[in-house]
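Novice: sequence unavailable; structure follows:
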Ligand code: 6PG
């Protein structure tokens, strides 16, 4: 595995601030080098503190939103105004508050069938990145969460999606809420330049320990192994409380 780092913040608020700083630094660096910042974000509750900060100063003005493209690692197959929608939640948390052009926002399609939605998003990603060869870097930054069962994005334990090596986006069913979802797969997620797991709270302590310190388990989160990029676990003290050493 490439460089894997662990960073422990005191609490959820500090974790959110650190996450926002990482986001803003990655934006500066990517725009400096390639002229754009391409990020994939997660749903769930953990990234919401970070997302809300992105819509406020200093991040609001620090980030060149017109050169930023936002994608999602996964989405619940519900309309945008459903409270389970990751896109809808991100809109409320920061996308409606920042000067990002509509064309830079790339929600997963939930209008047709899940299978068609998955194909459409895969096509959108391929048109956007135009990857060449076997080894490519796609996203500048991917932020992920981890569930207490070890899932990440909507890649759930025991499901065949874990073995997918060709398709970039799949429709699956699972999680909380237990709905049909669209999810990116490992070929896309592992070609991130920088991947950050965010985990907060004591209910995540057991699974964080397992993901980081149990070599024999094969949790979905442990299959996040960036081909060329870096991997950071950004934890708060409670989530890190069972780590040894
Ligand atoms: C989703 C997510 C999912 C999430 C984890 C952790 O859409 O549900 O992308 O993978 O990150 O379930 O969720 P919490 O942050 O709510 O604990």
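Specialist: Received, thanks. Please read all numbers here as calculations on a predicted model, not as lab measurements. Numbering: from 1, shown residues only.
Novice: list the buried ones in stretch 150-169?
Specialist: Neighbour-count burial for stretch 150-169 flags 150-156, 159, 161-162, 164, 168-169 (criterion: 16 or more other Cβ atoms under 10 Å). The C-beta positions use only the backbone N, C-alpha and C, and glycine is treated the same way.
Novice: what is the rounded mean pLDDT of it?
Specialist: The pLDDT scores in stretch 150-169 average 97.
Novice: ok, stretch 238-245 next?
Specialist: On average, stretch 238-245 scores 94.
Novice: contacts for it, please.
Specialist: 6, 8, 11, 199-202, 204-206, 208-209, 212-213 (Cβ atoms under 8 Å, 6 or more residues apart in numbering).
Novice: what are the buried residues along it?
Specialist: For stretch 238-245, burial by neighbour count (16+ other Cβ under 10 Å) applies to 238-242.
Novice: just curious, which of the residues you listed is nearest to the ligand?
Specialist: residue 239 (10.1 Å; Cβ to the nearest ligand atom).
Novice: and the closest one, that's in a strand?
Specialist: No: using DSSP: H, G, I helix; E, B strand; the rest coil, the assignment for residue 239 is coil, not a strand.
Novice: next up, the contacts around the closest residue in space to residue 184 that isn't next to it in sequence.
Specialist: Among residues not flanking residue 184 along the chain, residue 73 sits closest, at 5.0 Å (Cβ to Cβ, 6 or more residues apart in numbering). By Cβ under 8 Å, 6+ apart, residue 73 lies in contact with 40-42, 142-144, 153, 183-184, 189.
Novice: go with 7 Å
Specialist: 40-42, 142, 144, 153, 183-184, 189 (Cβ atoms under 7 Å, 6 or more residues apart in numbering).
Novice: cool, residue 172 as well?
Specialist: Contacts of residue 172 by Cβ under 7 Å, 6+ apart are 154, 156, 159, 161, 181, 183.
Novice: how about the strands in the chain?
Specialist: 4-9, 37-41, 68-72, 74-76, 105-106, 141-144, 169-174, 179-184, 194-199, 230-236 (DSSP state E).
Novice: dump those strands into TSV; add distance to the ligand as well.
Specialist: Below are these laid out as TSV (distance: least, Cβ to the nearest ligand atom, whole Å):
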stretch	distance to the ligand
strand 4-9	15
strand 37-41	8
strand 68-72	8
strand 74-76	5
strand 105-106	15
strand 141-144	6
strand 169-174	9
strand 179-184	7
strand 194-199	7
strand 230-236	12
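Novice: out of these, which is closest to residue 115?
Specialist: Of all the strands of the chain, strand 169-174 sits nearest to residue 115, with 5.5 Å by Cβ to Cβ.
Novice: hang on, the earlier thing: could you pick out which of the buried residues of stretch 238-245 are near the ligand?
Specialist: Restricting the buried residues of stretch 238-245 to those touching the ligand (Cβ under 6 Å from any ligand atom) yields no residues.
Novice: go through those and name the one nearest residue 31.
Specialist: residue 239 (30.8 Å).
Novice: the longest helix anywhere in the chain near the ligand at all?
Specialist: Once the chain is assigned using DSSP state H, the helix that runs over the most residues is helix 12-34. No: no part of helix 12-34 sits near the ligand under the criterion Cβ under 6 Å from any ligand atom; the closest distance found is 10.7 Å.
Novice: what lies in contact with that helix?
Specialist: So helix 12-34 is contacted by 7, 9, 36-37, 47, 49-50, 53-54, 59, 62-64, 67-68, 140-141, 194, 196, 198, 200, 234, 236 (Cβ under 7 Å, 6+ apart).
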